[in-house]
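# structure here, sequence nowhere to be found:
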Ligand code: PBG
């Protein structure tokens, strides 16, 4: 039976009715704020291409997390900007490195902050690739022990979650083994399982000072046309011990999120990456888009596609809006 017996507009008449029948919700507990930690004291370097985001020294990272907690954001993922870089990214796994130092400071100050550590080498290598180089190519198997070592360093410092983002084959198993052998079986692994070689990472590479110095990342990150391959990556990472799987970027890959969600009974995260954030800001600055509207619409779209968790530079702004 159709119109006029059924009228879709009946349930759209008031804000309360729309809320009542809303199929998808967004709440601060599902959001993870990425933070860039740098050396120094009292440093807040604005990241030009990412309005409202900063490279933060450890003390400022602690202040920022206090402010995030006030808004109900209790998940942060840390990226490091190290003092020095070398061919094997040793500043990434050093115990006194920037990220473990920040983790210890946060752990001391906050009991219920969930601290995620991104695990990758590109911020720490002088060549900017996500693994060590042998004969001009990223050497998969030589990279695994270094990723495991970095994960162990972060977990020992007090990270709740390690999140390998390098796209080497076999890394989840290598990280899980290293954690378990060291009594860190409670540490969660979020795998960047389906991470695409994307142009949308541009602003992040400014923020983390991590662009590759030669070539690109297409020999290890996924090729944008592929979705079946993403399912296989997810399956392999789950077999190796991932607790949560991630799709990245989010907006151009909503179908991938949807497929992963429907085919696997595990929590799915999506990374609303730097370019997705910056392009909305740029358009809003030109007066072309209403920032609040497109921010909320983007994030609810990512949730509707099937993401349980969203990593987003909008985390605090969204939480503020939800509280209004
Ligand atoms: C590091 C890493 C990147 C991002 C997260 N982890 C950059 C890259 O792969 O080049 C991108 C995040 C963003 O764009 O917001 N491997």
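Here it is on my side, so go on. The model shown is predicted, which means the values in this text are computed figures rather than measured ones. Residues are numbered from 1 along each chain as shown.
# CA only for contacts and neighbour counts going forward, please
Fine.
# quick check: residues of the stretch 101-250 of the chain near the ligand?
Proximity of the stretch 101-250 of the chain to the ligand (C-alpha under 6 Å from any ligand atom) is limited to residues 120, 122, 165, 166, 201, 204.
# so which of these would you say is closest to residue 210?
Nearest to residue 210, judged by C-alpha to C-alpha, of these is residue 122 at 5.6 Å.
# quick one: the helices in the protein, in order.
15-20, 58-70, 90-93, 98-109, 140-157, 171-181, 202-207, 228-240, 254-263, 274-285, 291-305, 315-323 (DSSP state H).
# run the contact check for the third one versus the ligand.
In other words, helix 90-93. No. On the criterion C-alpha under 6 Å from any ligand atom, helix 90-93 is out of touch with the ligand, staying 12.0 Å away.
# which elements pack onto that helix?
If contacts are counted by 3 or more C-alpha pairs under 8 Å, 6 or more residues apart in numbering; DSSP states H and E, helix 90-93 sits against helix 98-109, helix 140-157.
# need the ones you listed in CSV with mean pLDDT, can you?
Converted to CSV, these look like this (pLDDT from 0 to 100):
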stretch, mean pLDDT
helix 98-109, 98
helix 140-157, 98
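# how many neighbours does the nearest residue to residue 124 once chain neighbours are set aside have?
Distances taken as C-alpha to C-alpha, 6 or more residues apart in numbering put residue 89 closest to residue 124, at 4.4 Å, once the chain neighbours are dropped. For residue 89, the neighbour count with other C-alpha atoms under 10 Å is 27.
# tell me the contacts of the residue of the stretch 1-150 of the chain found nearest the ligand?
At 5.3 Å from the ligand, residue 120 is the closest residue in the stretch 1-150 of the chain, using C-alpha to the nearest ligand atom. Contact analysis of residue 120 by C-alpha atoms under 8 Å, 6 or more residues apart in numbering lists 92, 130, 131, 147, 164, 165, 166.
# shaky segments in this protein?
By pLDDT under 70, the chain contains no weakly predicted segment.
# again, only using 90
Applying pLDDT under 90 to the chain flags residues 1, 205-206, 209-211, 324.
# residue 271 pairs with what?
residue 311 (DSSP bridges).
# pretty sure it contacts residue 312?
Yes. Under the criterion of C-alpha atoms under 8 Å, residue 271 makes contact with residue 312 at 6.4 Å.
# rewinding a little: which of the contacts of residue 120 tops the neighbour count?
That'd be residue 92 among those, by other C-alpha under 10 Å, with 33 neighbours.
# from residue 203, how far off is that residue?
21 Å (C-alpha to C-alpha, to the nearest Å).
# for residue 276, what are its contacts?
200, 251.
# how much space separates it from residue 294?
Counting by C-alpha to C-alpha, the gap from residue 276 to residue 294 is 11 Å.
# over to residue 30?
In terms of C-alpha to C-alpha, residue 30 sits 19 Å off from residue 294.
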